[in-house]
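Enquirer: Okay, structure incoming, though there's no sequence with it:
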DNA sequence: TAGATTGTTAATCGATTAACAATC
DNA sequence: TAGATTGTTAATCGATTAACAATC
């Protein structure tokens, strides 16, 4: 063996750590000082063993019989998740989804600062959304390079996504958070993280279909008229 | 053995099926009539074996030497994913994320029809967003029951999410698509599908940190001034 | 026929769960 | 001390990947 193995943290673990963090903040706010994995698991509905494994992966240690010290744990999670230092990001697509993300102030507490938005539409360029400038798309590669931007967020409709991707890659962006329902082609050095709501929806409806099973009510009465009525009496 | 095993489809498979569907539609539009798993895998960057397994799980059969017939495959996917019949849904939280989702017309092609929005804010109630009425939150349980609504979408800030959940459960909703960054407490019979962007972001930043590794540029120059300049010359 | 591709079974890999000794 | 909880190893489970016979 040459190197001591990079010890990459499993993705499921990574997705759970912020969940723990959130719960711990609540506990801390309520004045608690220690927690056990059993406590966390009971509330979050997860196996205590798994939580111990996750925390170990994040380099957080507890004390037998005591549990974990809340303060240390929160600290540990934040520094492991990289929430202590900020990475700047560009967002492309100042539509409704883009605007929503620009308004998520808590991203900054998670180390992500969206510093500018871009759009092709001249009507949108020049405006400010949640305090962030909307710039012409064509300026992205140059600015990204100059500012050493590493993260790009894509919230354009599917059709434009590949073109935006190419501009991001040209600008030296290394990680793309893709909200467009398209498979993006990128060089190996660039990471794509897809947030594909249609794929997500597929799992939701199938889970629903499964729990409804044979006992369910397969055909749904269309009662759209009821909505109109409800509005009148609102 | 009593029953022939429910044969539940693995979630990763479920998430991939819409990806295949999308690619196949493109191919069909381009006039192709058959595909092999190798073709799909090459474009989507996935193992052909896995694709074969996924299609088998969806009950889609091909022909040795020929591959799969595009038309059959698209048909098969759509009916397996339940995209042929529509399920009506309520959305709560007419903020920016809620508005974005209300504007996603393609949800309807995936069997999801958002028939009404709800909000607690009197300023929002009574308005229409993307053609959908915004109703007072308090009306949700009654209407949901009357209309036999099975799916609820939560796009309120974290603080209000549990209260909204309780109303949905009261209204007989069986599946919740939760965009609020909170762990929701629900009875066993209700499914929660979390779309937690903060958890998702955690995996993105960690993947980035890993690829940058030691060779990366850890400290990012703050060049916010450059954005302002770019705007001036826009 | 020969060759490509499916269908299907086996091997591998990784994550979750269980078990239990160490320990404060 | 006794008991609760971690740390850590082992067992289980499930998904991915590989292999190969069946087949058009």
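Expert: Great, that's in hand. Since the model is a prediction, treat every value here as computed from it, not as a measurement.

Enquirer: Every contact and neighbour count from this point should use C-alpha atoms.
Expert: Fine.

Enquirer: Give me the mean pLDDT for the longest strand along chain A.
Expert: Looking across chain A with DSSP state E, the single longest strand is strand A:112-119. The average pLDDT for strand A:112-119 rounds to 98.

Enquirer: and if you look at stretch A:140-157?
Expert: Summarised as a single mean, pLDDT over stretch A:140-157 is 98.

Enquirer: Get me the contact residues on chain A for DNA strand C.
Expert: Contacts of chain A with DNA strand C, taken as CA under 7 Å from any atom of the strand, map to A:9-13, A:46-47, A:49-50, A:53, A:63-65.

Enquirer: Sitting in helices, which of these do you find?
Expert: Among the residues of chain A next to DNA strand C, the residues falling in helices (DSSP state H) are A:11, A:12, A:13, A:49, A:50, A:53.

Enquirer: Most widely separated two among the residues you listed?
Expert: Across those, no pair lies farther apart than A:11 and A:49, at 17.0 Å, counting by CA to CA.

Enquirer: So chain A: which segments form each domain?
Expert: Domains of chain A are assigned by automatic domain parsing as A:11-80, A:87-197.

Enquirer: Comparing these, which stretch has the densest surroundings?
Expert: Mean neighbour counts were taken over the domains of chain A using mean count of other CA atoms under 10 Å in any protein chain shown, and the top value, a mean of 20, falls to domain A:87-197.

Enquirer: Do a quick rundown of the helices in chain A.
Expert: Secondary structure of chain A by DSSP H: the helices cover A:11-29, A:37-44, A:48-57, A:70-80, A:96-102, A:140-147, A:158-170, A:197-212, A:224-232.

Enquirer: Nearest to residue B:190 among these would be which one?
Expert: Closest approach to residue B:190 among the helices of chain A (CA to CA): helix A:197-212, 8.6 Å.

Enquirer: Which residues of chain A lie near DNA strand D?
Expert: Counting by CA under 7 Å from any atom of the strand, the residues of chain A close to DNA strand D are A:35-38, A:48-49, A:52-53, A:56, A:60-68.

Enquirer: for chain A, which spans come out with low pLDDT?
Expert: A:1-7, A:214-229, A:231-234 (pLDDT under 70).

Enquirer: cutoff 80 now
Expert: Along chain A, segments meeting pLDDT under 80 span A:1-7, A:213-234.

Enquirer: roughly how far apart are the residue nearest to residue A:157 when sequence neighbours are not counted and DNA strand C?
Expert: Beyond its immediate neighbours in the sequence, the residue positioned closest to residue A:157 (CA to CA, 6 or more residues apart in numbering or on different chains) is residue A:180, lying 5.8 Å away. According to CA to the nearest atom of the strand, to the nearest Å, residue A:180 stands 26 Å off from DNA strand C.

Enquirer: Please report phi then psi for residue A:180.
Expert: Per-residue torsions, residue A:180: phi -80, psi 140 (degrees, to the nearest 10).

Enquirer: hang on, it packs against residue A:158?
Expert: Yes. Look at residue A:180 against residue A:158 with CA atoms under 8 Å: they come within range, at 5.1 Å.

Enquirer: thinking again about what came up before, what distance do you get for the residue nearest to residue A:157 to DNA strand D?
Expert: 21 Å.
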